[in-house]
Each structure stands twice: as C-alpha cells, then as structure tokens.
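In: Got a predicted structure plus its sequence, pasted below:
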Amino acid sequence: MIKFLLPSQLVAETPDEPGASPYAKALNTAFRAAYPLVKSAAWRSLPISLFGLLPSIFLLQVYDRVLSRSGTSTLAALVSGILFFLCIEFWLRTRRSRMLRNAGAIIDHGVSGALLQSMLARPLRALEARPASVWQQYFRDVGSVRGTVTGGLAQSIFDLPMAVFALVVIGIVALPVLPVVAAFLAIMSFLAWWWADEVRAGRVEEVQRGRGLDRMTFEICNARETLKTQANDGPISDMWRQTYNAWLTESFSKNGQIETARDGTTVLLTVFSVVVVTVGAISVMEQWMTVGGLVASNMLALKALQPVAGLVSNWRSLATAKEAAKRLETVLGEPVEKPPTGMTLPQPLGRITLKDVSFSFTETAQQPVLESVNLDIGPGGLHVIVGRNGAGKSTLVKLLSGLYTPTRGIISIGEYDLSQFGREELSRWISYLSQEVYWFGGTLIDTMRRAAPGQSDEQIVSACKLSGAHEFISRLPDGYRTMVGEGGTGVSVGERRKLALAMSFLRKPSVLVLDEPSNDLDFQSERNLLATLLAVAKVRTVVVVTHSLRIVSAASAVYHVTGQGDIEVGTAAVMVPKLFGVKKPLVAVGDEDNAGAPASRSMA
C-alpha cells in the first residue's frame, strides 16, 4: 500500500508481461496522478505544524511577560498576532483538506473506472466464476484505498513534523521537561508499531468472514421473493445467523484489541500530562524554568504526542486499505477479452461453422461437454437446439456467439474465425439473448436507445412491433415513456423478454441466437413469436434453444445435444417423432410461410 504513495524514483518499474491486462497498473496510475496533490498537501503541513505551536508560545508570553509586568499593550499585540496567524493556519488547513479530497477523488475515479471496465471486458466464464456480491465488494475496496489519503491516518502522518518542532521548542523554553516528553514519545511510537503488527496479524480472517457475511446477505436480499413464496425463512435465517455469529466473534476480538489500544493511549496521555506537570513544577520551584515555560511545555507535549496517538488509533484503516489494494491489484491484473481490431469488415451472411470443436469447463473433466463436433449452420433458416436439462444446449449457443472459447477446434462466421474478434465486434454480427434478462431502471425508450445507439424512434417502434412488445407498450398510460424500475419492476417477465428481443432486432445482426425465448410466454405470444422468427429466418440465421414442440416443428433443422459430447442433426420431420414421442410435427416444415433455407449439416 505504501509503495503507491512513494515518489516514482523510489519505486522500481516492472515491465508489462505479454498478454497482461491493460488495467493491471490502474492503482499505480491513479496514485501517480494524485501524487502531486498529496505532495503539495505534505508541504503545506510544515507551516501548519509551525503555526500549531503558536498557542503554546502565546501562553508562554502571557505568563512570563504580560502577567508579571501588567503589559496590556503587549497582550493586545500578542492577541492580534496570534489571530492573524490562526487565520493563515485555517486557510492552509482548508487548502490541504481540499487537496487531499481531490487526490482521493482522482484515485477513486481512476480505480473505479478501471475496475468497471475490467469487469465488463472479461470473458463470460470469468464473470460467471464470481457472484455479483464479490464484485460489489471490490468496488467497496476502492473506498478503503481512497481512505489512505482522505482519512485520519493521512492527517496524523502529515502532522508528524509538529512533534519534531514541539520537541525543539520544549528544549528551548523548558529543557528539564524534554527528557520526559522524548521518553513518552518513544513509548507511543513503540505502541503504534506494536498495535499495527497486532492488527495485521489477525485482520485477514476477520475480513474474510466479513466478506462472506456480506456475500450471503446480498444473496438473501436478491432472493427475498423466492424465500417468501417458498416459506424458506427458517433454514436461511439459521445459516445467516451462523455466519454472522462467526464474524461477530472474530470482529469483537479484533475490535477489543483496537479499543484497548485507544483506551490505553488516552490513559497514557493523561499520565504523561501529570508527569510533565510534576517535573515542570519541581523545575519551577528550583528556578530551572518559568511558570510560563511549564504551561507552554504541557501544551507542546500534547501537540507532540497527538500525531503519534492518531497513528495508534488509525492503523486499522491502513491494514484494511493494504488488503483492499492487494485484492484490487489481483483482480485488475487478471486477463480480459481481446480489444477491438479497429477494422471495418464486410458483414458476413450468417453461416456458422464448427470444425472439430471440443469444450470442457475444466481440464480434468472426464467427459467434455462437446467433443469433436462438426456443424454447418445457415446462412438463413430457423435452427432449433434441443436436449435434456444440463446436456449443454446453453453452452453450445454461447460457443456459437463467441461468449465461450472452445477448448479445441475452430468456430467461424462466414470466412472469419470468431477468436480474432472482441465481444464488441462480434455483437454486431451475432446477437445473443440469454435466458436471464435484466432490465436497467429508466424509461422504456431510453433503455432501448442505450442498447442500440443512433436508432430512430421509428426503428425502435418497428423492432418492438416485430417482437410483440409494441402491443402491451401501447396500452401503458405513458407508452414508451413508461418508467420501469430496477430489474424490470413494473413489467412481467414475458414482457421483459419481448423487450429484450426487440433490442436484439435493433442491432440487425447476421445471426440471432435465442436461449429459451418462449419461456414465460402465453400460447398466443408463443405463436406470434414463432411467426416472427420464421419471418426473420428468411433474411437472417436464427438459432433457438427451446423445449417448445411448436417451435421445433417449424424448424429448418433440429440439433439434439445428447449430453454425451455429440450432437444429432436432422429435419423436424425426423427429429420430432424421435425426441418428443409424437407421430409428426405440429407444424410441417414449409407451412406458415417458412421459407428459411435448409442448413448443411454434418454429424458430430
């Protein structure tokens, strides 16, 4: 953590590793950008520390010169002078605080932005490996890191010069007290170091338990409706309580140590003040120093010890920030997807080819999800993927969409290998609609525009008509200006699916990939969806994962994912009786104006 605050000349530069994430040095870059402000704040701390000694000198002069000589004019001059310098000190302190706030904002802006971009640029499998609660905790870590320059610890560090200046002044005006102050300063410095070591020693387990509790709480909040409908409150509450108690026990112990350090520091400061006054009183009686020197030295001694006492109280924030920085460095250094090629290539017609494609989630998997699969899909036509739950249907369409990278083999769209493109480029050619559709809060029209910038109102309405969303939007009191809450609150699951389908149409891709699009749709909506898919399939390749017999019956080709690593391919007339146990498809291929081109197929 401290290395980010050091001058660049003192930190060894490490060369970028081949294939390193472009966000790996985001922390270092953010702190480097904030460093000039932190440096300026540190320099302003020197005059602030000097001005902080003026009240003590003021008391010294009042006791030694004003009271003994009844010097009213001297008192007026002293008051005027100290008020003037206190105004300057106030101005310097506000400037320093503003600099530190700006430095914290620079760090927060740089690291938070890099973290968001790093998260969005990751392969889908990497995103699936971490729940949303973990990512939320990473963003909280940014605040902990920012606190190193905006919190009380930074203020204590910047005020350390005051301790040195105070010792110098004490040596001048109250030399007999100087050994006592130096001894207590050494004791407080030792305690600051010792408590820091104690906090670091046991902090990791407490943080891990706390993060686990936050993750569980986040999941319970997300699942609140399910818990209510299934009346599963008791077991979940017991599980949460067990996790909470484990965290509370660990946190109680560590907080007790911190409170002991804080209380001990308070008592030591009181003892120190008593000892200073005692030694000073003896020195005054022996005429080694004046009464003014005694009063001033007591105040100066407290000024000298306050920054060190602040370090004792704030070491925990540094330990927290240090661990947060380590986590952020790790996650920001993880690999991301390929950046866009920057080239404008002709849009392919929509033919997807799989050549000797295999895929496994782990290297040690005994049975791969797909093994040596060869397929030729499109261009054009309605292509339906079926199979039992867990067979690998969603995995297959994620491979077709470029969201997953095959373990072995090549997936191409037209003449292009998918592996050479980033997600942003592929999404213009292959639009994928997953089973889970999340809707961001805002008006319907604004959310649609975010999905496809530059689209006119007429194009958005046309896409909504094609997906079947226009019908229910027209019935809403505010129409396309209807405000929808976070997660799609205010519209049904089926309506959200229609809206998501409309956004897919807006992109005008060569290939449209839909994972269970008929879920949550009523009978008539499914019929309308099928008619839409058949119309789109005349000009684009449409790939659908479904369990709907009606949609399968209308397919140009049916792909059965067996769950044994291979894929069976056939026409609806052949596959429907085999897989669904009916004599013939509900809708014969060629009916309902199904003019989709048949696919070229090869067996796995």
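Out: Sure, I can see it.
In: Need the three-state assignment for Val437.
Out: The three-state label given to Val437 by DSSP: H, G, I helix; E, B strand; the rest coil is coil.
In: Now it: closest residue in space, sequence neighbours ignored.
Out: Spatial nearest neighbour of Val437, excluding adjacent residues (Cβ to Cβ, 6 or more residues apart in numbering): Ala500 at 4.4 Å. C-beta coordinates here come from the backbone N, C-alpha and C atoms, glycine included.
In: any idea how far that neighbour is from Tyr35?
Out: To Tyr35, Ala500 is 45 Å away according to Cβ to Cβ, to the nearest Å.
In: Could you check which of these two is surrounded by more residues?
Out: Ala500 (21 against 18; other Cβ atoms under 10 Å).
In: what's the helix or strand containing that one packed up against?
Out: For Ala500, the host element (DSSP states H and E) is helix 493-506. Where contact means 3 or more Cβ pairs under 8 Å, 6 or more residues apart in numbering; DSSP states H and E, helix 493-506 is packed against strand 430-433, helix 444-451, helix 457-467, helix 469-475, strand 511-515, helix 523-536.
In: Tell me which of those sits nearest to Asp566.
Out: Within these, the stretch nearest Asp566 is strand 511-515; the backing value is 20.5 Å (Cβ to Cβ).
In: Which strands and helices lie in contact with the closest one?
Out: helix 393-400, strand 430-433, helix 493-506, strand 541-545.
In: now with 7 Å?
Out: helix 393-400, strand 430-433, strand 541-545 (3 or more Cβ pairs under 7 Å, 6 or more residues apart in numbering; DSSP states H and E).
In: Who are the packing partners of the last one?
Out: Using 3+ Cβ pairs under 7 Å, 6+ apart as the contact test, the elements touching strand 541-545 are strand 381-386, helix 393-400, strand 511-515, helix 523-536.
In: Tell me the pLDDT of Trp315.
Out: At Trp315, the predicted lDDT confidence score is 66.
In: deepest of the helices and strands packed on helix 493-506, which one?
Out: Comparing the helices and strands packed on helix 493-506 by mean neighbour count (mean count of other Cβ atoms under 10 Å), strand 511-515 ranks first with a mean of 25.
In: Return the distance of Ala451 relative to Gln459.
Out: Distance, Ala451 to Gln459, by Cβ to Cβ: 12 Å.
In: Check the secondary structure at the residue nearest the centre of the chain for me.
Out: Compute the mean C-alpha point of the chain, and by Cα atoms, centre = their mean the closest residue is Phe139, 3.5 Å away. Assigned with three-state DSSP, Phe139 falls in the helix class.
In: what about Ser80, how many residues close to it?
Out: 10.
In: how far out from the middle of the chain is the helix or strand containing it?
Out: Assigned by DSSP H and E, Ser80 belongs to helix 72-120. Chain-centre distance of helix 72-120: 29 Å, with Cα atoms, centre = their mean, to the nearest Å.
In: Could you verify that Gly563 is part of a strand?
Out: No. Per three-state DSSP, Gly563 lies outside any strand segment and is coil.
In: returning to what we had before: pull up the overlap in contacts between Ala451 and Gln459.
Out: Leu506 (Cβ atoms under 7 Å, 6 or more residues apart in numbering).
In: Indicate which one of the helices and strands packed on strand 511-515 is closest to Thr562.
Out: Among these, the nearest to Thr562 by Cβ to Cβ is helix 393-400 (10.7 Å).
In: circling back to that earlier point, which of the helices and strands packed on strand 541-545 sits closest to Gly71?
Out: helix 393-400 (87.0 Å).
In: What pairs with the helix or strand just after that closest one, parallel or antiparallel?
Out: Downstream of helix 393-400, the next assigned helix or strand under DSSP H and E is strand 408-413. Sheet neighbours of strand 408-413, with direction, are listed as strand 352-359 (antiparallel), strand 416-417 (antiparallel) (DSSP bridges).
In: Each with direction, which strands does the next helix or strand after the first one pair with?
Out: Right, the one you point to is strand 352-359. Downstream of strand 352-359, the first helix or strand assigned by DSSP H and E is strand 370-377. Note on strand 370-377: by DSSP bridges, its sheet partners are strand 352-359 (antiparallel).
In: Residues in contact with the strand it pairs with: which ones?
Out: So strand 352-359 is contacted by 368-378, 395, 399-400, 404, 406-413, 511, 541 (Cβ under 7 Å, 6+ apart).
In: which sections of the stretch 201-350 of the chain are below the confidence cut-off?
Out: By pLDDT under 70, the weakly predicted segments of the stretch 201-350 of the chain are 201-208, 225-232, 250-258, 261-262, 312-313, 315-316.
In: And the helices in it?
Out: Per DSSP state H, counting those that start in this stretch, the stretch 201-350 of the chain carries helices over the ranges 224-230, 233-285, 291-332.
In: Nearest approach to Leu54 belongs to which of the ones you listed?
Out: Judged by Cβ to Cβ, the one of the helices of the stretch 201-350 of the chain that comes nearest to Leu54 is helix 291-332, at 10.5 Å.
In: what packs against that closest one?
Out: By 3+ Cβ pairs under 7 Å, 6+ apart, helix 291-332 packs against helix 26-51, helix 54-61, helix 72-120, helix 132-150, helix 152-158, helix 160-173, helix 178-222, helix 233-285.
In: ok so, going back, are any of the contacts of strand 352-359 buried, and if so which?
Out: Listed as buried from the contacts of strand 352-359 are 368-371, 373-378, 395, 399-400, 404, 406-407, 409, 411-413, 511, 541; burial here means 16 or more other Cβ atoms under 10 Å.
In: and this protein, what are its domains?
Out: Structural domains assigned to the chain are 2-332, 352-580, following automatic domain parsing.
In: Regarding the last one, how distant is the last residue from the first?
Out: Okay, so that is domain 352-580. This stretch, domain 352-580, spans 27 Å end to end (Cα to Cα, to the nearest Å).
In: quick one on the thing from earlier: list of residues touching the helix holding Ala500?
Out: Residues outside helix 493-506 that contact it (Cβ under 7 Å, 6+ apart): 431, 433, 437, 439, 448, 451-452, 455, 459-460, 463-464, 466-469, 472, 488, 512, 517, 520-521, 525.
In: what's the angle from that helix to helix 523-536?
Out: 10 degrees (axes from the mean of the first three to the mean of the last three Cα atoms, to 10 degrees).
In: re the thing from before, show me what counts as buried in the next helix or strand along the chain from the helix holding Ser80.
Out: Tracing the chain past helix 72-120, the next element assigned as helix or strand by DSSP H and E is helix 124-129. For helix 124-129, the neighbour count (16+ other Cβ under 10 Å) marks Leu124 as buried.
In: Contact partners for the residue lying farthest from the centre of the chain?
Out: Here the chain reaches farthest from its C-alpha mean at Arg69, the gap being 66.5 Å by Cα atoms, centre = their mean. Contact analysis of Arg69 by Cβ under 7 Å, 6+ apart lists nothing.
In: what pLDDT does it get?
Out: pLDDT, read off for Arg69, is 76.
In: same check, this time on the one 3 residues further on
Out: Thr72 is assigned 84 on the pLDDT scale.
In: what does Val552 give?
Out: At Val552, pLDDT is 90.
In: Could I get the pLDDT score of the closest residue to it other than its chain neighbours?
Out: Nearest residue to Val552, sequence neighbours excluded (Cβ to Cβ, 6+ apart): Val384, at 5.0 Å. At Val384, the model reports a pLDDT of 93.
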